[in-house]
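A.B. asks: here you go, sequence then predicted model.
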Amino acid sequence: MAMTSNLRTELIERAQGVRSNAYAPYSEYAVGAALLTNTGKIFTGVNVENASYPLSMCAERNSIFKAVSEGERQFDMIVVATHNGGSPCGACRQVLAEFGLETRVMTVDADGEVVLDMTVRELLPEAFRPEDLG
Ligand code: THU
C-alpha cells in the first residue's frame, strides 16, 4: 500500500476522530488509534478502561484485534492520537511486532502534529517474535 499524504491525513483524522469514543474515566487519558492494513482497510480502536484497572485495554491493541478478527494480518501503519502525542506502551509494541517489524507507528497530538514517526523495529529492538519459539 503506497503511503500517500492523503492516506496519512485520513489516518490522522480517523485516529483523532475516534478518540472521543475512548472509555477512560479513571486515567482520563483518551487514546484513539487508526490502523492501515496492506489491503487498504482502516481499523480504529480506543482505550477501554475498567473499574478493575488491570483489565483495561489500549487503543492500539483494540484496533489490531479488530483487524485480525476480520482476517487482516499485515499492517502498513498505525496512527495513535492523544492530547500530547504519547508513545505506545511496551505491550502494544509487542503485539505490533507479532505481525511485522516494518509497520510504521506515528503519534499525533491534539493539533494533529506528528510527535513520533518510527517503525516497530525501531520502537522494539530485538523483539521476541514467533520464530523465536523455534
Ligand atoms: N493507553 C493506550 O491506549 N495506549 C498506549 O499506548 C498508552 C496507554 C491507555 C491505557 C490507559 O487506558 C490509559 O491510556 C492510561 O495509561
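C.D. replies: Alright, I've got the coordinates.

A.B. asks: quickly find the element holding residue 44.
C.D. replies: Taking DSSP states H and E as the criterion, residue 44 maps to strand 42-46.

A.B. asks: list the helices and strands that strand packs on?
C.D. replies: Under the contact criterion of 3 or more Cβ pairs under 8 Å, 6 or more residues apart in numbering; DSSP states H and E, strand 42-46 touches helix 5-18, strand 32-37, helix 59-69. Placement of C-beta: from N, CA and C, glycine included.

A.B. asks: wouldn't residue 16 be in contact with residue 109 here?
C.D. replies: No - in this structure, residue 16 is not within contact of residue 109 by Cβ atoms under 8 Å, at 9.5 Å.

A.B. asks: need the residues touching each of the two.
C.D. replies: With contacts taken as Cβ atoms under 8 Å, 6 or more residues apart in numbering, residue 16 and residue 109 have residue 81 as neighbours in common.

A.B. asks: so for those two, which sits in the more crowded spot?
C.D. replies: Set side by side, residue 16 and residue 109 show more neighbours around residue 16, with 19 against 15, by other Cβ atoms under 10 Å.

A.B. asks: quickly list what the closest residue to that one other than its chain neighbours is bridged to.
C.D. replies: Excluding the flanking residues, the one nearest residue 16 by Cβ to Cβ, 6 or more residues apart in numbering is residue 81, at 4.5 Å. In this entry, residue 81 is beta-bridged to residue 32, residue 108, by DSSP bridges.

A.B. asks: for residue 81, grab the count of nearby residues.
C.D. replies: 29.

A.B. asks: returning to what we had before: relative to helix 5-18, how tilted is the strand holding residue 44?
C.D. replies: With axes from the mean of the first three to the mean of the last three Cα atoms, to 10 degrees as the basis, strand 42-46 and helix 5-18 are set at 30 degrees to each other.

A.B. asks: sheet partners, orientation included, of strand 42-46?
C.D. replies: Applying DSSP bridges, strand 42-46 is found paired with strand 32-37 (antiparallel).

A.B. asks: distance from the chain centre to the partner strand, please.
C.D. replies: Centroid displacement of strand 32-37 relative to its chain, using Cα atoms, centre = their mean, to the nearest Å, is 6 Å.
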